[in-house]
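Novice: Structure for this input, please:
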Amino acid sequence: MPELEHLRNFASSARRGGFGVPFFKLDGNTGEYHRTGKTNTDAMNHEKWASDPVDAMLGVQKFENKIPVYQIGRVAAGYQPPAREQLGDLDEKLWPNGKDPWMPVYLLPFWDVVQAEEIRW
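Specialist: Purely as a prediction, here's the structure:
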């Protein structure tokens, strides 16, 4: 399957939901973009960021001792996450707060365009 078809399939399935935590978020009240997270949520309207859709990744993650553990791969390469049964942690009685520890995750890396130019030269 060509890369473009993998990316189209990913875009279609990602519209249905996923991890649900954007890295950048538009504040509809102020029109400013902000980073998401617990720290450094300053407005970033004048920063230039870029990404390459071919770098999009999907998979699953869980946390062990507050550290994320990933099973991810590139969408364009046709990666499919392992079946839930292959991930382990199958005993629902041991799940924290009764929730499956493995959650879907979708990632698209971004880079700072200005800083990348400075490093390149």
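
Novice: Only C-alpha atoms from now on, for both contacts and neighbour counts.
Specialist: OK.

Novice: What about M57, how many residues nearby?
Specialist: Neighbouring residues of M57 were enumerated by other Cα atoms under 10 Å; the total is 22.

Novice: Quick check: it vs Q86, distance?
Specialist: The spacing between M57 and Q86, counted by Cα to Cα, to the nearest Å, is 19 Å.

Novice: burial count for Y33?
Specialist: The number of residues packed around Y33, counting by other Cα under 10 Å, is 18.

Novice: An error on my part: the question was meant for E32.
Specialist: Using other Cα under 10 Å, E32 has 14 neighbouring residues.

Novice: For W111, see how far away it is.
Specialist: Distance, E32 to W111, by Cα to Cα: 19 Å.

Novice: K48 now?
Specialist: In this view, K48 and W111 are 8 Å apart by Cα to Cα.

Novice: excluding its backbone neighbours, what's nearest V114?
Specialist: K48 (6.7 Å; Cα to Cα, 6 or more residues apart in numbering).

Novice: these two touch, right, that neighbour and Y33?
Specialist: No: the pair K48 and Y33 does not pass the contact test of Cα atoms under 8 Å, sitting 11.4 Å apart.

Novice: isn't there a helix covering V54?
Specialist: Yes: the assignment for V54 by DSSP: H, G, I helix; E, B strand; the rest coil puts it in a helix.

Novice: which residue packs closest to it, ignoring adjacent ones?
Specialist: Closest residue to V54 apart from its sequence neighbours, by Cα to Cα, 6+ apart: A76 at 5.8 Å.

Novice: State the distance from the one you found to Y33.
Specialist: Between A76 and Y33 the distance is 28 Å, computed by Cα to Cα.

Novice: residue contacts, Q80?
Specialist: Taking Cα atoms under 8 Å, 6 or more residues apart in numbering as the criterion, Q80 is in contact with 58-59, 73.

Novice: On the three-state scheme, it is what?
Specialist: Secondary structure for Q80, judged by three-state DSSP, is coil.

Novice: Could you tell me the per-residue confidence at it?
Specialist: We have a pLDDT of 92 for Q80.

Novice: Sketch out the low-pLDDT regions of the chain for me.
Specialist: Counting by pLDDT under 70, the low-confidence segments of the chain come to 1-26, 35-45, 115-121.
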